[in-house]
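> 3D, please:
(chains A and B)
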2 protein chains.
Amino acid sequence: MTAPERGFPEEECAARVARAQGHMAAAGLEGLLLTTEAEVRYFSGFQTLFWQSPTRPWFLFVPAAGKPVAVIPEIGAALMRRTWVEDIRTWSAPAPSDDGISLLRDLLAPYARIGLPKGHETMLRMPLGDYERLTRLLPNLVIADATAIVRDLRMVKSAREIEKIAHICAIASRAFAKVPDFVHAGQPLEETFRAFRRACIAEGADDVPYLVGGADQGGYHDVISPPSVTPLRPGDILMLDTGSVWDGYFCDFDRNWAISHADDASRRAHDVLYRATEAGLAAARLGATCRDLFRAMQGVIAEYDSGPGDVGRLGHGLGMQLTEWPSHALFDDTVLTENMVLTLEPSLGYGDGRIMVHEENIVITDGAPRLLSVRAPAELPVIG
Amino acid sequence: MTAPERGFPEEECAARVARAQGHMAAAGLEGLLLTTEAEVRYFSGFQTLFWQSPTRPWFLFVPAAGKPVAVIPEIGAALMRRTWVEDIRTWSAPAPSDDGISLLRDLLAPYARIGLPKGHETMLRMPLGDYERLTRLLPNLVIADATAIVRDLRMVKSAREIEKIAHICAIASRAFAKVPDFVHAGQPLEETFRAFRRACIAEGADDVPYLVGGADQGGYHDVISPPSVTPLRPGDILMLDTGSVWDGYFCDFDRNWAISHADDASRRAHDVLYRATEAGLAAARLGATCRDLFRAMQGVIAEYDSGPGDVGRLGHGLGMQLTEWPSHALFDDTVLTENMVLTLEPSLGYGDGRIMVHEENIVITDGAPRLLSVRAPAELPVIG
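Numbering: from 1, shown residues only, chains lettered A, B, ... in the order given. Next up, the predicted model:
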């Protein structure tokens, strides 16, 4: 396996900023204030796991023209200097009395109207009290919602981004293919998870930040649980769903197996979901909407779905985060465009509160979508 | 190795809520609104990696009397029903037009003054625009900063919490002890990281969400980088710093090694930091403050520190998050009390911009602190 090159050349970050600046001009914004890991990384190239620590806020300001300005804790200065950002303003953090707020005030004082992502799937990664203080220090500054700008840019991936996502999808596909080698009846589910996580890393994943699943007789009952210590039993349906990462980009797909033998209801659920995914693949064409994708999959799911286990949508965007805009749901009329990376994630409820979920990862092209995950088998596989 | 029991009995969550309600009465608050993974888990016992997806907000409301109320996406209902929370209100999420906001409005309408963590080391995990809408829907509701309540509770760990942190510290200590078996000159640093991550999982970690470090000739230059593909060379100083988790609780400590041979400057830095940690251990007594701890360590560090590499503090709290309150820094006069779990993390700059960091994890007792990490060796170890 040959891994793609890590990171991005400066021109890629510059192109992202230029596109954002075009949107900003159209929206009448003099700058964008960004506070989350994905947003800061997207425009600066700054990548670190240090965001795991909630102690320190980090800020990137993208002005209407020119390069971004970083306002960050001193501990990040050396790493930020390796990016294309030149104007790096730091303070000795943590400093609860002034964690970057006076630096931000000085930076933003000349402006009348800037944007900040405030909408769906965004958050403000700084203490709310500090944000409230900043708005009091700059009473004339209008801070408008800039979600649409960030969303529209990030929904469509570059060739290099797709290469990274394809790489981690291939890694996870190999790990899923090896599941029959290390999963067996009698194994506590916690050990199954641990073995799968190690397999992903052995195949080349940098990390496996997301691994959920379930196993139970004739079907699992929820899809977001941590693993129990209950041993796998013959007749269990096992599901593993991973968001593994490589160079800061996620895959997000799952697989289902029957342990030793499969019950008819679960085989049927698997068949319905396989065909729902086929319908999704057929519908995933330029110009279709996410709502169309939802309807295409739901049309098949309706054959068998008994209702419970509402996951709210049948797939979503994928990239720097495990889930990104858009959503395959009735509310989302986003039009599919070339180089969107999406999951197709049909699910259904069956039996007495059991649930099954399928998931594949695709790229939208000018023809049929390109599968990044190795397609699940048409029939529920029996292992162990 | 025998793992502790996973999860917490209902009485532990109930005790946390009762203590919070005592603080709320003193602060004149009729309830606490919580939005982050750690806060929701602390009071409900609800544990899932699904928080990795930024798409859906999750809310827990702790009233002045009685059990918490969960306002969550339907996808989490089955898992939340396994906790002690009884009043679970759900909606089909995502729903950008109303992601729980009207449910929150109905829940909060009877109240005049509630608390929300807005201060240092907190954040609001919901779209800011939704929060602004909620405040417009409830114009008479005062939402005060409740950071102190959550901080004061979470800083002091229960016996079960300490057991979990001790378990993951022991796991990481075993993984660090095995580093000489799988790290060698010529190994790309990226592979070193991958091998270490697998070792942590093999030793029993659920996950390794945080792994940073560095390696360079005669010392590394920053402490938050992802790994390069540069092979380790004789004369490199290697540092690995892990936040591994078990059952939702973190360890956070690092180790340093010289590859093949050690330069004098790095040996001296290691010796100074070892002694700074000893000074921290000696100072970590009931009644001392975090500022005292900082001064005790800084007094030794000053022997050799050349200034760069400002990490802002010399250790911090540890538990459900990689870093928690308090901070060993001049600004923090938190008094050490029994069962606080803390890191001691002295660091210094030396040479031409090199940096070294040591870290141990401890519990405050009524005598000497209890080490949870196996103490680093006094002399910089040479491997590979």
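> so what's the residue nearest to the spatial centre of chain A up against?
Residue closest to the average C-alpha location in chain A (C-alpha atoms, centre = their mean): residue A:322, at 2.1 Å. Taking C-beta atoms under 8 Å, 6 or more residues apart in numbering or on different chains as the criterion, residue A:322 is in contact with A:209, A:210, A:243, A:250, A:252, B:52, B:53. Every residue, glycine included, has its C-beta placed from N, CA and C.
> 7 Å - rerun?
With contacts defined as C-beta atoms under 7 Å, 6 or more residues apart in numbering or on different chains, residue A:322 is in contact with A:210, A:243, A:250, A:252, B:52, B:53.
> what of residue A:145?
Going by C-beta under 7 Å, 6+ apart, residue A:145 touches A:115, A:118, A:119, B:129.
> not counting its neighbours along the chain, what's nearest it?
Spatial nearest neighbour of residue A:145, excluding adjacent residues (C-beta to C-beta, 6 or more residues apart in numbering or on different chains): residue A:118 at 4.2 Å.
> circling back to that earlier point, by neighbours, which of the contacts of residue A:145 wins?
residue A:115 (26 neighbours; other C-beta atoms under 10 Å in any protein chain shown).
> give me the element that residue is part of.
With elements taken from DSSP states H and E, the one containing residue A:115 is strand A:113-116.
> domains in chain A, by residue range?
What automatic domain parsing lists as the domains of chain A is A:10-154, A:156-383.
> what is the end-to-end distance of the last one?
Same thing as domain A:156-383. This stretch, domain A:156-383, spans 38 Å end to end (C-alpha to C-alpha, to the nearest Å).
> again, but for the shortest one
Domain A:10-154 has an end-to-end distance of 17 Å (C-alpha to C-alpha).
> run the chain-centre distance for it.
Domain A:10-154 sits 20 Å away from the centroid of its parent chain (C-alpha atoms, centre = their mean, to the nearest Å).
> what's the mean pLDDT across it?
The average pLDDT for domain A:10-154 rounds to 97.
> quick one: residue A:288 from residue A:336, how far?
According to C-beta to C-beta, to the nearest Å, residue A:288 stands 5 Å off from residue A:336.
> of the two, who's got more company?
When residue A:288 and residue A:336 are compared for neighbours, residue A:336 comes out ahead with 20 against 17, by other C-beta under 10 Å.
> pretty sure that one contacts residue A:286?
Yes: the criterion here is C-beta atoms under 7 Å, and residue A:336 meets it with residue A:286 at 6.0 Å.
> joint contacts of these two?
Common neighbours of residue A:336 and residue A:286, using C-beta under 7 Å, 6+ apart, are residue A:364.
> re earlier: can I assume the residue nearest to the centre of chain A sits in a helix?
No: inclusion of residue A:322 in a helix is not indicated when DSSP: H, G, I helix; E, B strand; the rest coil is applied; the result is coil.
> quick check: which element contains the residue nearest to it when sequence neighbours are not counted?
Once flanking residues are discounted, residue A:322 sits nearest to residue A:243: 4.1 Å by C-beta to C-beta, 6+ apart. Using DSSP H and E, residue A:243 sits within strand A:236-246.
> keeping just the C-alphas, turn that strand into CSV.
This file holds the C-alpha atoms of strand A:236-246, laid out as CSV (Å, rounded to 0.1, in the frame of the first residue of the first chain):
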residue,chain,number,x,y,z
ASP,A,236,-25.8,-12.9,17.5
ILE,A,237,-25.8,-10.2,14.8
LEU,A,238,-22.7,-8.2,15.2
MET,A,239,-22.2,-4.7,13.8
LEU,A,240,-19.0,-2.6,13.9
ASP,A,241,-19.0,1.0,12.7
THR,A,242,-15.8,2.9,12.4
GLY,A,243,-14.6,6.4,11.9
SER,A,244,-10.9,5.8,11.5
VAL,A,245,-8.6,8.6,10.4
TRP,A,246,-5.6,9.1,8.2
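> the helix or strand following it: how far from the chain's middle?
Using DSSP H and E, the next helix or strand after strand A:236-246 towards the C-terminus is strand A:249-250. With C-alpha atoms, centre = their mean as the basis, strand A:249-250 stands 7 Å off its chain's centre.
> residues in contact with the helix or strand following strand A:249-250?
Remark: after strand A:249-250, the chain's next helix or strand is strand A:253-259, criterion DSSP H and E. The contact list for strand A:253-259 (C-beta under 7 Å, 6+ apart) reads A:172, A:176, A:179, A:185, A:232-241, A:266, A:270, A:343, A:356-357, A:359-361, A:373, A:376, A:380-384.
> which residues touch the strand or helix carrying residue A:17?
Using DSSP H and E, residue A:17 sits within helix A:10-27. For helix A:10-27, the surrounding residues in contact (C-beta under 7 Å, 6+ apart) are A:32, A:42-45, A:62, A:64-65, A:68, A:84, A:115, A:149, A:152-153, A:158, A:160.
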